[in-house]
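> Starting from these lines, generate the structure:
(one chain, ligands or ions: 1)
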Amino acid sequence: MSDTSESELLARVPSSLFIGGAWRASSSGATLGVEDPSTGRTIATIADATPGDAASALDAAVAASADWASTAPRQRGEILRAAFDLLQKRRDDFALLMTLEMGKTLAESQGEVTYGGEFLRWFSEEAVRITGRYGINPEGTGRTIVSQHPVGPSYLITPWNFPLAMATRKVAPALAAGCTVVVKPAALTPLTTLYFAKLLDDVGLPAGVLNVLTTSSSKEVSAPILSDPRLRKLSFTGSTPVGVGLLKLAADNVLRTSMELGGNAPFVVFADADLDRAVDGAMAAKFRNVGEACTAANRFIVHRSIADEFATRITERVARLRIGRGTEEGVGIGPLIDEDAVEKASRLVKDAVARGARLVAGGERVEGEGHFFAPTVITGVTEGSDILREEIFGPVVSIVPFDDEDDAVRLANDTEYGLVSYVYTRDLARGQRMIERLQTGMMGLNAGVISNAAAPFGGIKQSGLGREGGFEGIHEYLSTKYTMTPSPFA
Ligand SMILES: O=CCCCC(=O)O
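Numbering: from 1, shown residues only. As a prediction, this is how the structure comes out:
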């Protein structure tokens, strides 16, 4: 892809806030720069919203709320389906845009367009399946009606690592349910959301149903929205500490919340595993998105009898990964999002090595422009190392040996997080035991990627509340109403 098409694409992406169906500058006139993490250079300058803009965005969402809630579910679904279709036509634009602002390779960005698009298609189909029930009370004197209603104006805060898929995973079920939304993308990757808002506008989403705030002052901009009694729902994907802070604010306004927070996924390989498959799964679970995913395998817990062979095979695969700008042909590892991410990976590796781990590959930043960290393998990681407790969010394979099943379970569960676990075994009964014993909301059983529009995605413990996607996803935006009416024969 030449620089010309990159600049042509960037010129097509809106650079303003999207409020009430109109593109507007920030009320303060302030702007913020968006950087390409592979060069560190600014690629776009966009509006930097103020708390006043936030209030306007919520006003617009509230004003559009009643009409959208009473729009026929079929019509809501058809708008989402039209968005899915248009996304396929614009898929190369979206893929390139994500690579430019987030750094992932073009192949990964194409994968994200497919993944993210599926939420539009899935929820276009779910919009027409909002049901209730009619029953009789045990006494026979009354009839019970249970119905579902849009929860109301919703505030959706999305992360930088999956700029399209995390927006569609929240926006599509909200819209399908009949809720209007204010979306705040991460300041590091706002362009994809702005381009997505344009796409929804292009397929005829009514004004005010979706509003977008881009800002460098998340706390200040979120505050007036979260404290406004007209807001009824908060959905957040991001770190656990930020999520906890948002939950406290949401509590003051008794908001419905969905929280998709941090992870510390164990990837457990038993001695009876199909090692070829386990290595393929490990590469996917670790290096998808350069490890910048809450679902990324963080701790490779491998039976002692195969730990060396597993490490050797992973190291061979890692040696073949080409590092570079995501737009370049053949690149398998793009940059990390920023310098803080590089420093964190470096610190965690150093700490593990200082506590006795062996560095087998990588281990340091790649010198030059951009925020690159070499794909890394460390073995014999000892308990107490920071890398076993913290989310790495980088391309580091950290291997811990175990001796028996109880030991594996103890190590896997030894974390405050509970998002996803991965288990490789050929023993069906052991696999079933792991489903019951591992404390996570999701599991890949002989599978290294679990993300899917049909999945009820979410965690337990410090990894969050609620589920996104699947049949459950739309219910995060619906509230249940129960009505009692006397028996018609009374
Ligand atoms: O980092 C968390 C976002 C979700 C990633 C995924 O769907 O795998």
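> Wait, S346 touches E364, no?
Yes. Between S346 and E364 there is a contact under C-beta atoms under 8 Å: 6.4 Å. (C-beta placed from N, C-alpha, C; glycine too.)
> For whatever residue of the stretch 251-400 of the chain ends up closest to the ligand, grab phi and psi.
For the stretch 251-400 of the chain, the residue closest to the ligand is C294, as judged by C-beta to the nearest ligand atom, at 3.3 Å. With angles defined as degrees, to the nearest 10, C294 sits at phi -60, psi -20.
> Kindly report the same for the one 4 residues further on.
Dihedral pair for N298: phi -110, psi -30, per degrees, to the nearest 10.
> Can you give me every residue that contacts the residue of the stretch 251-400 of the chain closest to the ligand?
237, 260-263, 391, 419, 463 (C-beta atoms under 8 Å, 6 or more residues apart in numbering).
> give me that answer again for 7 Å
262-263, 419 (C-beta atoms under 7 Å, 6 or more residues apart in numbering).
> can you check R24 too?
R24 neighbours (C-beta under 7 Å, 6+ apart): 16-17.
> S346 and E364: who's more crowded?
S346 (18 against 14; other C-beta atoms under 10 Å).
> Report the buried residues of the one helix or strand the more buried one maps to.
For S346, the host element (DSSP states H and E) is helix 339-354. Residues of helix 339-354 classed as buried: 341-342, 344-346, 348-349, 351-353 (neighbour count, 16 or more other C-beta atoms under 10 Å).
> what sits up against that helix?
336, 359, 363-365, 371, 373, 376, 378, 381, 385-387, 390, 392-394, 396, 398.
> What's the ChimeraX syntax to select whichever of those residues are buried?
Listed next is the ChimeraX selection for buried residues among those, using 16+ other C-beta under 10 Å:
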select :336,363,365,371,373,376,378,381,385,386,387,390,392,393,394,396,398
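> Run a quick neighbour tally on the closest residue to N161 other than its chain neighbours.
Nearest residue to N161, sequence neighbours excluded (C-beta to C-beta, 6 or more residues apart in numbering): E292, at 4.7 Å. Other residues lying near E292 total 24 when counted by other C-beta under 10 Å.
> show me the contacts for E292.
Per C-beta under 7 Å, 6+ apart, neighbours of E292: 161, 336-337, 393.
> What is the most widely separated pair among these?
N161 and L336 (10.3 Å; C-beta to C-beta).
> and the helix holding S346, how far from the chain's centre?
Offset of helix 339-354 from its chain centre (C-alpha atoms, centre = their mean, to the nearest Å): 23 Å.
> Contact residues of the chain facing the ligand?
161-162, 166, 237, 293-295, 451 (C-beta under 6 Å from any ligand atom).
> per-residue pLDDT, A490?
Reported pLDDT at A490 in the predicted model: 86.
> Could you measure from it over to Q462?
Applying C-beta to C-beta, to the nearest Å, the value for A490 to Q462 is 51 Å.
> In terms of neighbours, single out the busier of these two.
The neighbour comparison of A490 against Q462 (other C-beta under 10 Å) goes to Q462, with 19 against 8.
> Torsion angles phi and psi at the more buried one?
According to degrees, to the nearest 10, Q462 has phi -80, psi 10.
> number of nearby residues for the closest residue in space to it that isn't next to it in sequence?
Leaving out its chain neighbours, the residue that sits closest to Q462 by C-beta to C-beta, 6+ apart is E416, at 4.4 Å. For E416, the number of neighbouring residues by other C-beta under 10 Å comes to 11.
> Relative to the ligand, how far out is E416?
Applying C-beta to the nearest ligand atom, to the nearest Å, the value for E416 to the ligand is 17 Å.
> Export the buried residues of helix 339-354 to CSV and append columns for distance to R230 and pLDDT.
As requested, those are arranged in CSV below (distance: C-beta to C-beta, whole Å; pLDDT from 0 to 100):
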residue, distance to R230, pLDDT
A341, 37, 98
V342, 42, 98
K344, 38, 98
A345, 42, 98
S346, 45, 98
L348, 43, 98
V349, 47, 98
D351, 47, 98
A352, 48, 98
V353, 53, 98
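> mind putting those in TSV, distance to E6 included?
Formatted as TSV, the buried residues of helix 339-354 follow (distance: C-beta to C-beta, whole Å):
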residue	distance to E6
A341	23
V342	24
K344	29
A345	27
S346	30
L348	33
V349	33
D351	38
A352	38
V353	39
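> returning to that earlier point: restricted to helices, list the contacts of C294.
If you go by DSSP state H, those have nothing in helices.
> Of these, select the buried ones using a ChimeraX command.
Remark: buried members of those, expressed as a ChimeraX selection using 16+ other C-beta under 10 Å:
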select :262,263,419
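> could the contacts of C294 go into JSON lines alongside pLDDT?
Listed next are the contacts of C294 as JSON lines, based on pLDDT from 0 to 100:
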{"residue": "G262", "pLDDT": "97"}
{"residue": "G263", "pLDDT": "97"}
{"residue": "L419", "pLDDT": "98"}
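> Spell out the residue ranges of the helices in the stretch 51-200 of the chain.
With DSSP state H, counting those that start in this stretch as the criterion, the stretch 51-200 of the chain has helices at 51-69, 73-89, 91-102, 106-126, 165-177, 191-202.
> What separation is there between G117 and R325?
Taken as C-beta to C-beta, the span from G117 to R325 is 25 Å.
> Same check on L231?
40 Å.
> ditto for K170
29 Å.
> And those two? Which one has more around it.
K170 (27 against 20).
> Tell me the pLDDT of the residue lying closest to A273 once chain neighbours are set aside.
Once flanking residues are discounted, A273 sits nearest to Y424: 3.8 Å by C-beta to C-beta, 6+ apart. pLDDT recorded at Y424 is 98.
> go on, the one 3 residues further on?
Per-residue pLDDT puts D427 at 98.
> which residues does it contact?
D272.
> backbone phi and psi for it, please?
According to degrees, to the nearest 10, D427 has phi -90, psi 110.
> what's the distance between it and N446?
Applying C-beta to C-beta to D427 and N446 gives a distance of 11 Å.
> correct me, but L336 touches P375?
No. Contact criterion C-beta atoms under 7 Å: L336 and P375 do not qualify, at 11.4 Å.
> got a pLDDT number for M1?
45.
> Please report how far the residue most central in space within the chain lies from A455.
Nearest to the mean C-alpha position of the chain, by C-alpha atoms, centre = their mean, lies M166 at 4.6 Å. Taking C-beta to C-beta as the measure, M166 and A455 are separated by 14 Å.
> got the contact list for D202?
With C-beta under 7 Å, 6+ apart, D202 has these contacts: L86.
> any idea how far it is from R256?
Distance from D202 to R256, by C-beta to C-beta: 30 Å.
> Repeat that for R389.
Taking C-beta to C-beta, one finds R389 at 31 Å from R256.
> secondary structure element for V423?
Using DSSP H and E, V423 falls within strand 420-424.
> Need the residues that contact that strand.
Contacts of strand 420-424 (C-beta under 7 Å, 6+ apart): 263, 265-270, 273, 277-278, 281, 285, 295, 297, 412, 431, 434, 438, 440, 442-446, 448, 450.
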